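Asker: model the following, please.
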Amino acid sequence: MSTNDFFREIEHAEVPWRDYKLHVPVFYPDIMFMTASILAPLEGIRAILPSTRLKPYRITPWHGAVSLTAYCYRESDIGPYNEFLIGVPVTIDRETPIFTGILRRTPAMSMSYIHCLPVTTEIARVVGAEFAGYPKFVADIEFSESGAWLTCELGVDGRHILTMRGRKLPTVEVPRYRANPLTFRNGTILRSQLMLSEREMGMSRSGDDVTLELGDHEISEELRGLNLGRVLMCGYCPHAQGILTPVIESFAG
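Answerer: I've put the predicted structure just below:
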């Protein structure tokens, strides 16, 4: 596995598990991803959250956000795989001020409830599900490029879930970033942490830079039911490195 200063001097413990030897935390030396944050009515967002302690960002008095992120893990401790995240930016217990993310800064500790997380390999599914309660299932997730556009197609069992296309935006250097994915298992909210390296990334607030086409799957219908609106932000990162921790905090749900 290739390494650089991002991983240096971090304890990378080998953990026997089933027929595998895993490493904790999980190192991701090569990640590509595109992401979009889309406005949606708060009523629908709250309906998919598993606990009333989870409070969606209040982008407007009536709207929160849904996050869609397509990851291509070209190299990782558990092998290469692709993943598609459907999540909701949230806080725990305390509502954010109205216009968070527009006129007000987002919270310093970025948290997102992970609602759906299909992956392309069985080991990625079972490790994430058993260790941290991630709502994973094995699916078909394919990336393709055409000119200035990156496309991710998500489907399962021959059924189309969605296609997301994002412009390969001009990139600038951005600093390290810490995200806190939240899952829900056995009545408990679980928090892990994902750290992303310094990287080149392109970002835009224009809906012209990303498109979303929904298919005929139950997940597609659920997204339609959220009445997704305008694009708040979209981003493209051709290369990053990451470190994913195990569960490091829990809250009664």
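Asker: what does stretch 172-180 rub up against?
Answerer: Under the criterion C-beta atoms under 8 Å, 6 or more residues apart in numbering, residues 109-112, 191-202 lie in contact with stretch 172-180. All C-beta spots, glycine's among them, are computed from the backbone N, C-alpha and C.
Asker: cool, stretch 198-215 as well?
Answerer: 6, 34, 36, 38, 68, 155, 159-176, 220, 223-224, 228, 230-241.
Asker: quick check: end-to-end length of that stretch?
Answerer: Chord length of stretch 198-215, first to last residue, is 35 Å (C-alpha to C-alpha, to the nearest Å).
Asker: any idea how far that stretch is from the chain center?
Answerer: How far stretch 198-215 lies from its chain's middle: 14 Å, per C-alpha atoms, centre = their mean, to the nearest Å.
Asker: now do the buried residues in it.
Answerer: Of the residues in stretch 198-215, 199, 201, 202, 203, 204, 209, 210, 211, 212, 214, 215 count as buried by neighbour count, 16 or more other C-beta atoms under 10 Å.
Asker: just to revisit the earlier point, looking at the contacts of stretch 172-180, which is nearest residue 84?
Answerer: residue 112 (13.9 Å; C-beta to C-beta).
Asker: how many residues are close by the residue nearest to that closest one when sequence neighbours are not counted?
Answerer: Once flanking residues are discounted, residue 112 sits nearest to residue 87: 4.2 Å by C-beta to C-beta, 6 or more residues apart in numbering. Residue 87 has 22 neighbouring residues, counting by other C-beta atoms under 10 Å.
Asker: what ranges does this structure have for its helices?
Answerer: For the chain, applying DSSP state H gives helices covering 42-48, 122-132, 218-225.
Asker: what's the closest of these to residue 150?
Answerer: Among the helices of the chain, helix 218-225 comes nearest to residue 150, with 19.9 Å by C-beta to C-beta.
Asker: re the thing from before, of the contacts of stretch 198-215, which belong to strands?
Answerer: Mapping these onto strands (DSSP state E) picks out 34, 36, 38, 68, 155, 159-167, 172-174, 231-241.
Asker: separate out the buried members of the residues you listed.
Answerer: 34, 36, 38, 68, 155, 160-167, 174, 231-238, 240-241.
Asker: the most centrally placed residue in the chain and residue 112, how far apart?
Answerer: In the chain, the centroid-proximal residue (C-alpha atoms, centre = their mean) is residue 85; its distance is 4.2 Å. Distance, residue 85 to residue 112, using C-beta to C-beta, to the nearest Å: 8 Å.
Asker: quick check: neighbours shared by those two?
Answerer: In contact with both residue 85 and residue 112: residue 67, using C-beta under 8 Å, 6+ apart.
Asker: just give me the neighbour total for residue 144.
Answerer: When neighbours are counted by other C-beta under 10 Å, residue 144 comes out with 10.
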